[in-house]
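Colleague: curious how this folds, go ahead:
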Amino acid sequence: MCPIFANLNSLERQVSHIIHLLTEGSPAEQKDALDAYFLPDASFTHPLCRVPSFSHISLPLIGEINSRWVIWMIYRWYKILSPRIVLNVECEEFNQKSSILFVNIHQIFSLFFVPFYKSNVRLTTKLQLVHSANDGKYYVQSQEDLYQLNEVVKFFWPGGATIIWLWQLFATGICILGALLLAPVTWVEQRHANGVNGVKKGF
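Modeller: Next up is the predicted model:
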């Protein structure tokens, strides 16, 4: 495995391999992948946990740690909770201007203490990259896992996704009812906008 992203083409080729190492690899492979591709003070954001960016903090019995070490602990716990993870990277999209890489992921996650239960989860991972002037290569500065609410609850609430789905439909109905009942408010807002913009538009 190349030690770091050498260029954009290799970045897009390697990202799937790196994600598989982080989620399906051994603890040593997880650590090697983080050390190779993540900055020492990289941050991590997930709906259920968060690691702010930091470095050079000393803890009793552990020694000096940084935020990348904490991210490793999260991935280790992830594998303990679900020893068998099936993951597929469906697509990647890199925005060169902002240096942000979006990755769509489909994973099957099963808690070891809940027999026969498997959660089928989809998410988008947002990786903020930085380009090193020293070696011309890319490193991960932050990882943000983006889940819909009905996807998050699959981790800990069997059947919860259906409840959330029904609640979302109910909330949609409330939006429609509220918009129709308070149509005069919309009419006033549109009339004001027409006056400001000097145009006549209806709705």
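
Colleague: drop to CA atoms for contacts and neighbour counts, all remaining ones
Modeller: Will do.

Colleague: quick one, strands of this protein?
Modeller: Chain-ordered strands for the chain, with DSSP state E as the definition, fall at 38-46, 49-51, 57-59, 63-65, 86-95, 100-109, 119-131, 138-146.

Colleague: packing partners for the third one?
Modeller: Okay, so that is strand 57-59. Using 3 or more CA pairs under 8 Å, 6 or more residues apart in numbering; DSSP states H and E as the contact test, the elements touching strand 57-59 are strand 63-65.

Colleague: give me the angle between the top helix by length along the chain and strand 119-131.
Modeller: In the chain, with assignment by DSSP state H, the single longest helix is helix 160-181. For the pair helix 160-181 and strand 119-131, the angle between their directions (axes from the mean of the first three to the mean of the last three CA atoms, to 10 degrees) equals 80 degrees.

Colleague: for Phe156, find the nearest of the strands of the chain.
Modeller: strand 119-131 (8.9 Å; CA to CA).

Colleague: quick one, what contacts Leu123?
Modeller: Leu123 is in contact with Asn104, Ile105, His106, Asp145, Leu146, Tyr147, Gln148, Glu151, counting by CA atoms under 8 Å, 6 or more residues apart in numbering.

Colleague: ok, now with 6 Å
Modeller: Under the criterion of CA atoms under 6 Å, 6 or more residues apart in numbering, the neighbours of Leu123 are Ile105, Leu146, Tyr147.

Colleague: count the residues that sit near Ser110.
Modeller: 22 (other CA atoms under 10 Å).

Colleague: my bad, should have said Gly198
Modeller: Tallying neighbours of Gly198 according to other CA under 10 Å, which is how burial is gauged here, yields 9.

Colleague: what's the answer for Ser98, then?
Modeller: A count of neighbours around Ser98, defined by other CA under 10 Å, yields 10.

Colleague: tell me the spacing between it and Ile19.
Modeller: With distances taken as CA to CA, to the nearest Å, Ser98 is found 21 Å from Ile19.

Colleague: what about Phe102, distance to Val140?
Modeller: In this view, Phe102 and Val140 are 12 Å apart by CA to CA.

Colleague: more crowded one of these two?
Modeller: More neighbours sit around Val140 than around the other of Phe102 and Val140, counting by other CA under 10 Å; the figures are 24 against 19.

Colleague: surely the more buried one is in contact with Leu129?
Modeller: Yes. Shown here, Val140 and Leu129 form a contact pair, counting by CA atoms under 6 Å, at 4.6 Å.

Colleague: worst average pLDDT in the strands of the chain?
Modeller: Set side by side, these differ in mean pLDDT, and strand 86-95 is lowest with a mean of 86.
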